[in-house]
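Novice: I need the structure of the sequence given here:
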Amino acid sequence: MSDDASPFDNFLQSTGLAEILAPAKTTPAMRDALTRAIPLMELPPPEVEAVHDLHIAGGKGPRSARVYIPYGALDNGAGLVFFHGGGFMVGSLDTYDPFCKRLAAVSGVRIASVDYRLSPEHRFPAAVEDAFAAFDTVRNGRLEALGFAPERLAAGGDSAGGNLATVVAQNRRGQVAFQLLIYPLLQLVEIKRKKYRWQDGPFLAEPTLARIKESYLKDPNQASDPHVSPLLAPDLSNVAPAYILAAELDPLLAEGAAYADKLAAFGVPVKRVVHDGVPHGFVNLTRLVTKAVPAIEAAGKALAEALKD
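Specialist: Below is the predicted model:
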């Protein structure tokens, strides 16, 4: 495959997603576009026993959250605090509703999906503050009435949400039982390294990374802060075990591999699964990418296995 060809160019045009997800849109327009694209992208998810919309602590006041209780939920109170993707700029409880229902149903794990503050209205460290506050609140028993056991909590997320989950896991050692990281964005220092056009997918390409960095950070020098770039954290000893879901056609592929290697070097159990021929964001493309549902199911089974004891 040539470096300047993307297998997704025709795909985006044929599905109508090219216009809906055009990266030149303003941030509010991108948020609206992503919401409107859900019916094109997602199959109906499995039903869960209950869904609760509530408020949870954030860094500067309450934040919305959505709790999913699956049928046959694990009786040990296993729970996942989940942070959605979207480059810290877009994404919401609604855009990740199908994914969370699917993951809860297959894993039997209760999920608390957190609506953290987005940039550029709220730049770093707002999202990190919200992530810490949300996890700490669940850890302190806020959701015990819904079956969450504070001592059996995982942190998880995809893309930018995977970044937040990684930061939480690094800073709450001994409290996070497991990390579920879905093609996580792990560093914003080196965003202009050599990549290939075939890694540019519908949700992430090199120009998008530049926009994320500009939107998220007040000062470009903040990129080297491990709370922004957790790949740069100097010590990963005693961080929770991790499952890393990776997409072959993803600009973030190499940094995910580097993080898995670094975790292993510090003696942290880690499993990294690379799904061939799919782009960044593919778990939100269940209607269009046949590998999406099996990938979510495999991740859910890994989550359940990690939290069952």
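Novice: in the stretch 51-200 of the chain, what spans have low per-residue confidence?
Specialist: Within the stretch 51-200 of the chain, the stretches falling below the threshold (pLDDT under 70) are 191-200.
Novice: Kindly recompute the last result at 90.
Specialist: 190-200 (pLDDT under 90).
Novice: can you give me the helices for it?
Specialist: Here the stretch 51-200 of the chain has its helices, by DSSP state H, counting those that start in this stretch, at 97-107, 126-139, 160-171.
Novice: Need the nearest residue in space to residue 70, chain neighbours excluded.
Specialist: Residue nearest to residue 70 in three dimensions, not counting chain neighbours: residue 104, with 4.2 Å by C-beta to C-beta, 6 or more residues apart in numbering. Placement of C-beta: from N, CA and C, glycine included.
Novice: out of the helices of the stretch 51-200 of the chain, deepest packed?
Specialist: Mean neighbour counts were taken over the helices of the stretch 51-200 of the chain using mean count of other C-beta atoms under 10 Å, and the top value, a mean of 27, falls to helix 160-171.
Novice: Packing partners of it?
Specialist: strand 79-83, helix 126-139, strand 153-158, strand 176-182 (3 or more C-beta pairs under 8 Å, 6 or more residues apart in numbering; DSSP states H and E).
Novice: who's in contact with the third one?
Specialist: Strand 153-158 is contacted from outside by 78-85, 99, 109, 135, 138-139, 162-165, 168-169, 172, 175-184, 240, 245, 283, 303, 306-307, using C-beta atoms under 8 Å, 6 or more residues apart in numbering.
Novice: Provide the strand pairings for it, with the direction of each partner.
Specialist: Partner strands for strand 153-158, per DSSP bridges, with pairing direction: strand 79-83 (parallel), strand 176-182 (parallel).
Novice: Serialize the ones you listed to CSV and add fields for distance to residue 258 and mean neighbour count.
Specialist: Below are the strands paired with strand 153-158 laid out as CSV (distance: least, C-beta to C-beta, whole Å; neighbours: other C-beta atoms under 10 Å):
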stretch, distance to residue 258, mean neighbour count
strand 79-83, 21, 29
strand 176-182, 13, 26
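Novice: Please identify which of those strands is closest to residue 208.
Specialist: The stretch from the strands paired with strand 153-158 with the least distance to residue 208 (C-beta to C-beta) is strand 176-182; that distance is 17.0 Å.
Novice: CA atoms only for that closest one - export them in PDB, please.
Specialist: Presented in PDB, the C-alpha positions along strand 176-182 are these (Å, rounded to 0.1, in the frame of the first residue of the first chain):
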ATOM      1  CA  VAL A 176      -7.200   0.800  40.500                       C
ATOM      2  CA  ALA A 177      -7.600  -2.900  40.000                       C
ATOM      3  CA  PHE A 178      -7.300  -3.000  36.200                       C
ATOM      4  CA  GLN A 179      -6.800  -0.800  33.200                       C
ATOM      5  CA  LEU A 180      -8.800  -1.200  30.000                       C
ATOM      6  CA  LEU A 181      -7.100   0.900  27.400                       C
ATOM      7  CA  ILE A 182      -8.600   1.200  23.900                       C
END
